[in-house]
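Asks: build me a model:
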Amino acid sequence: MRRSSRGRASAPLRTTLIYAGFAVLAVLATAPAWRLAVFGFSIDDLLQLRCF
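Replies: You can find the predicted model right below:
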C-alpha cells in the first residue's frame, strides 16, 4: 500500500496555521482593551466608554 506524500509534511504546516488563526482571532477579540492601553485615551474614546 502506498503512503500519501502529503501526510507528514503538511501536519506541521496545518498546526502552524491553526495556531496563527487562533492568535489573530485573540488579538481581534481583545482589540478594544489593548488599543486603549497602547495608544492611550483620547476625548473620543472617553466619550464612547460605556459601563454595562
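
Asks: just checking, next helix/strand downstream of whichever strand or helix holds residue 13?
Replies: Assigned by DSSP states H and E, residue 13 belongs to helix 10-29. For helix 10-29, the following helix or strand on the C-terminal side (DSSP H and E) is helix 31-39.

Asks: for that next one, what is the distance to the chain centroid?
Replies: Here the centre of helix 31-39 is set off from its chain's centre by 14 Å, with CA atoms, centre = their mean, to the nearest Å.

Asks: with stretch 12-30 instead?
Replies: The answer for stretch 12-30 is 6 Å, by CA atoms, centre = their mean.

Asks: return that stretch as CSV; C-alpha atoms alone will do.
Replies: Coordinates of each C-alpha in stretch 12-30 appear next as CSV, following Å, rounded to 0.1, in the frame of the first residue of the first chain:
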residue,chain,number,x,y,z
PRO,A,12,3.3,20.9,11.0
LEU,A,13,2.0,23.5,8.4
ARG,A,14,-1.6,22.7,9.3
THR,A,15,-0.8,23.0,13.1
THR,A,16,1.0,26.3,12.5
LEU,A,17,-1.9,27.7,10.5
ILE,A,18,-4.4,26.7,13.2
TYR,A,19,-2.3,28.4,15.9
ALA,A,20,-1.8,31.5,13.8
GLY,A,21,-5.6,31.7,13.2
PHE,A,22,-6.2,31.5,17.0
ALA,A,23,-3.7,34.2,17.6
VAL,A,24,-5.2,36.5,15.1
LEU,A,25,-8.7,35.9,16.5
ALA,A,26,-7.5,36.5,20.0
VAL,A,27,-5.9,39.8,19.0
LEU,A,28,-9.1,40.9,17.2
ALA,A,29,-11.3,39.9,20.1
THR,A,30,-9.2,41.8,22.7
